[in-house]
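Peer 1: Below: sequence and its predicted model.
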Amino acid sequence: MIEARGLTKRYGSKMAVEDVTFTVPPGQVTGFLGPNGAGKSTTMRLVVGLDRPTEGSVTVLGRSYADSQAPLATVGALLDAKGVHPGRSARSHLRALAATHGIPDKRVDAVLEMTGLSSVAGKRVGGFSLGMGQRLGIAAALLGDPQVLLLDEPVNGLDPDGVLWVRELVRYLAGEGRTVLLSSHLMSEMAQTADRVIVLGRGRVVADAPIAEFISEGRSERVTVVSPDAARLASVLLGPDPSPELQIEPQGEERFTVTGLSAARVGEIAAANGVVLHELTPQAASLEEAYLALTRDQVEYQAV
Ligand SMILES: Nc1ncnc2c1ncn2[C@@H]1O[C@H](COP(=O)(O)OP(=O)(O)OP(=O)(O)O)[C@@H](O)[C@H]1O
């Protein structure tokens, strides 16, 4: 469990994180989302004590990280995969890290195996691809067999197999009762990995909810309709006095989308009016749509 209460971090006049309060529960994967510069990395650094909050507090398993007796066994973090000496091998990097934290060498071999790096463990890290570097960062995060994992953009640079591997790994770890906080800009991946999401915008929490609730909130159902009699059906659906929630967007001569009516209702109205339907497809809202709608006004660096 991670608990942030009124967490605030100012760099000079720049407010990176402002009055952030959230709980990351154990046994689940929590996605951490937000536009560039929203404050995700700063928050993660505050969790592991790499930075001190200007105000507020954050605890991991009920204690501040600085008070932790065995920090690597409490929190495993992937925050910057580049912080490794390029001349060292993957194994010697992990062994050095293990030695300074009193972790036995056999755990190094176990995490090399878990992250698929056993065959390249003796190679210089400087020659690693971006994806191999990410795997090594994840191996280091797992070294202390931690109860809490913080992974900042873990799938960055991974190929599709690697992305799937991270998804299965974090789901497995959460299934064991661990706390997992994961940031990513890949929304489709996040939708398949996370149980809940916390969204930051300009340093503040703008959403904190189970993923299904976050996706469905405030978004009405959308239905794609294809009919050889599309124009007539559209005007029947609208009726003489259309409600403001009902929207019809033409997409060519025979196709349109309806917002504000269920697929069942559209089908019933079509049947009652003798309109032939070739397609009637409810469109599920996506995490990406929900995220973009929420963060439209929260973007710090916007292209003009
Ligand atoms: N050491 C620092 N000194 C000054 N400003 C900083 C520092 N670290 C972060 N910031 C600023 O704080 C804000 C939040 O940055 P942060 O890196 O936490 O965002 P982020 O959500 O992780 O973004 P990204 O998705 O781009 O990684 C940004 O405006 C950033 O420029």
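Peer 2: It's in.

Peer 1: Quick one: the strands in the stretch 51-200 of the chain, in order.
Peer 2: Secondary structure of the stretch 51-200 of the chain (DSSP state E, counting those that start in this stretch): strands at 55-60, 75-78, 148-152, 179-183, 196-201.

Peer 1: Let me see the mean pLDDT of the last one.
Peer 2: By that I understand strand 196-201. Confidence over strand 196-201 (mean pLDDT, whole number) is 95.

Peer 1: got the domain boundaries for the protein?
Peer 2: Following automatic domain parsing, one finds the domains of the chain at 2-210, 222-283.

Peer 1: do you know which of the strands of the stretch 51-200 of the chain lies nearest the ligand?
Peer 2: strand 196-201 (6.3 Å; Cβ to the nearest ligand atom). In this view, the C-beta of every residue, glycine as well, is placed from N, C-alpha and C.

Peer 1: Show me what the closest residue to Arg255 other than its chain neighbours is bridged to.
Peer 2: Excluding the flanking residues, the one nearest Arg255 by Cβ to Cβ, 6 or more residues apart in numbering is Val226, at 4.9 Å. Following DSSP bridges, Val226 is listed with bridge partners Arg255, Glu279.

Peer 1: Val226 and Val29: what is the separation?
Peer 2: Taking Cβ to Cβ, to the nearest Å as the measure, Val226 falls 38 Å from Val29.

Peer 1: Give me the more crowded residue out of the two.
Peer 2: Val29 (25 against 15; other Cβ atoms under 10 Å).

Peer 1: Sticking with the more buried one, tell me its helix or strand.
Peer 2: Val29 belongs to strand 28-33 when assigned by DSSP states H and E.

Peer 1: Can you show me the CA trace of that strand as PDB?
Peer 2: In PDB, the C-alpha atoms belonging to strand 28-33 read as follows (Å, rounded to 0.1, in the frame of the first residue of the first chain):
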ATOM      1  CA  GLN A  28      -3.900  -4.700  -7.800                       C
ATOM      2  CA  VAL A  29      -2.200  -3.000 -10.600                       C
ATOM      3  CA  THR A  30      -2.700   0.800 -10.500                       C
ATOM      4  CA  GLY A  31      -2.000   2.700 -13.600                       C
ATOM      5  CA  PHE A  32      -0.500   6.200 -13.200                       C
ATOM      6  CA  LEU A  33      -1.400   8.400 -16.200                       C
END
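
Peer 1: Within the sheet, what are the partner strands of that strand, with directions?
Peer 2: When DSSP bridges is applied, strand 28-33 pairs with strand 179-183 (parallel), strand 196-201 (parallel).
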